[in-house]
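S.K.: Structure for this input, please:
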Amino acid sequence: MGVFAHSTVLYISDKDQGRLIAGAMLKSPHSLVFTPPYGSWMNVYLPLGLSYKDIPELPTSTAIELNCYDSEGLDVRLFTSDRIAFMFESGCGDVGEEEDELLEIASGLWEKEQDGDAEQIEVAAPADGEGDEAVTEKRKKTFWDLSPEDQEKYVSQARSSGEFKKFVDSSTSEDNIPDVAPFAPFLPEGRTLDELQVLLGAIAKRLHGPPTDVKELESIKKWMDGKDHSDNAEDYLQAVANFLDVRGGVWSLEALQEKMADKIDRRIISLDAVSQPQTD
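M.R.: Predicted coordinates for the structure are as follows:
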């Protein structure tokens, strides 16, 4: 998987530390872009694949990383004192397995519809002893012989089937959510660890539609700008950013350089610029 978006948000304990971090970033040989501090945070955009702790010039700082992989998988990481204190993943590594399972279920649905009477089709097959020459033989048509457009009818049925939902539930569940306690010192006023736990629980189940749990549904709609479901993982990352009050979180450095180059001045970009929604 390639990384679609990656951002690091540094916690600024006081103005002196903010100046120290800004000075260190300006001296760094790496390609970096950062926003002016806001509240207790400063956004730092690094080359894809790098963490703030991979930049030697940066002083030790608490950081939240929001990573998105091809709009499918996502992870949220909290680093404290240069050590990872929390990591939550959704859809990372299991997307391929779910796609395979979906196609297998779709194939079974197609076969049931044929009721054993699949038509015969001619296929080319290498002939014994004739090297690369091919001969034509007949065999029964299978689901895999269908065009993607013809397969889609059965894939759609499979996606809404109980069998597929059961498979997804078994591979993505609340059991995968780590203890959110490390976030306690960094929660905005009026928000609780329990609320964060509910939000992450909803995100963990995002691959098969809107949450069915009432609290999770309310949480997703509240923090994901009124949406109850999305096919894009970055929307869920933005919900986490909204909950934590980190603005303009979900950008990659490459996207900023491509779309916001005219707004970057001496490695600094305004918070208003990065708070604009991405168009990818």
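S.K.: count of neighbours near residue 185?
M.R.: Neighbours of residue 185 under the rule other CB atoms under 10 Å: 10. Any C-beta I mention is one placed from the backbone N, CA and C, and that applies to glycine too.
S.K.: Ramachandran angles for residue 46?
M.R.: The phi/psi pair for residue 46 (degrees, to the nearest 10) reads phi -110, psi 160.
S.K.: Give me the neighbour count for residue 144.
M.R.: 9.
S.K.: What sits closest to it if chain neighbours are left out?
M.R.: residue 107 (7.3 Å; CB to CB, 6 or more residues apart in numbering).
S.K.: The one you found is in contact with residue 155, isn't it?
M.R.: No - counting by CB atoms under 8 Å, residue 107 stays clear of residue 155, with 9.6 Å between them.
S.K.: quick one: low-confidence parts of the stretch 51-200 of the chain?
M.R.: The model of the stretch 51-200 of the chain has pLDDT under 70 over residues 93-97, 116-139, 168-176.
S.K.: Centre-most residue in the chain?
M.R.: residue 74 (2.7 Å; CA atoms, centre = their mean).
S.K.: Doesn't that one belong to a helix?
M.R.: No - per DSSP: H, G, I helix; E, B strand; the rest coil, residue 74 lies outside any helix segment and is strand.
S.K.: now it: how far from residue 84?
M.R.: 16 Å (CB to CB, to the nearest Å).
S.K.: just residue 12 next, same as before
M.R.: Distance from residue 12 to residue 84, by CB to CB: 20 Å.
S.K.: Pick out whichever of the two has more residues nearby.
M.R.: residue 12 (21 against 14).
S.K.: In a strand, residue 5, correct?
M.R.: Yes - the assignment for residue 5 by three-state DSSP puts it in a strand.
S.K.: Tell me which stretches of the stretch 151-280 of the chain form strands.
M.R.: 264-265, 268-269 (DSSP state E, counting those that start in this stretch).
S.K.: quick one: contacts for the residue nearest to residue 193 when sequence neighbours are not counted?
M.R.: Spatial nearest neighbour of residue 193, chain neighbours left out: residue 180 (5.1 Å); criterion: CB to CB, 6+ apart. Residue 180 is in contact with 86, 193, 196-197, 200, counting by CB atoms under 8 Å, 6 or more residues apart in numbering.
S.K.: give me that answer again for 10 Å
M.R.: 76, 78, 86, 88, 187, 192-197, 199-200 (CB atoms under 10 Å, 6 or more residues apart in numbering).
S.K.: What about those, which are in helices?
M.R.: If you go by DSSP state H, the contacts of residue 180 have 193-197, 199-200 in helices.
S.K.: export the residues you listed to a markdown table and tack on neighbour count?
M.R.: A markdown table is the format used below for the ones in helices among the contacts of residue 180 (neighbours: other CB atoms under 10 Å):
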| residue | neighbour count |
| --- | --- |
| 193 | 14 |
| 194 | 10 |
| 195 | 17 |
| 196 | 23 |
| 197 | 17 |
| 199 | 25 |
| 200 | 23 |
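S.K.: So which of the residues you listed is the closest to residue 67?
M.R.: residue 200 (14.8 Å; CB to CB).
S.K.: so who does the closest residue to that closest one other than its chain neighbours touch?
M.R.: Using CB to CB, 6+ apart and skipping the chain neighbours, the partner closest in space to residue 200 is residue 177 (5.0 Å). Listed by CB under 10 Å, 6+ apart, the contact partners of residue 177 are 88-90, 196-201, 203-204.
S.K.: again with residue 22
M.R.: 12, 34, 36-37, 42, 44, 267-268.
S.K.: Next: residue 26.
M.R.: Here residue 26 is in contact with 32, 34, 57, 266-268 (CB under 10 Å, 6+ apart).
S.K.: let's see it at 8 Å
M.R.: 266-267.
S.K.: repeat for residue 202
M.R.: Per CB under 8 Å, 6+ apart, neighbours of residue 202: 211, 213, 216-217, 219-220.
S.K.: Was I right to think residue 7 contacts residue 252?
M.R.: Yes - at 7.4 Å, residue 7 counts as touching residue 252 under the criterion of CB under 8 Å.
S.K.: From the chain's centroid, how far away is the longest helix seen in the chain?
M.R.: Ranked by residue count, the top helix of the chain under DSSP H comes out as helix 95-114. With CA atoms, centre = their mean, to the nearest Å as the basis, helix 95-114 stands 24 Å off its chain's centre.
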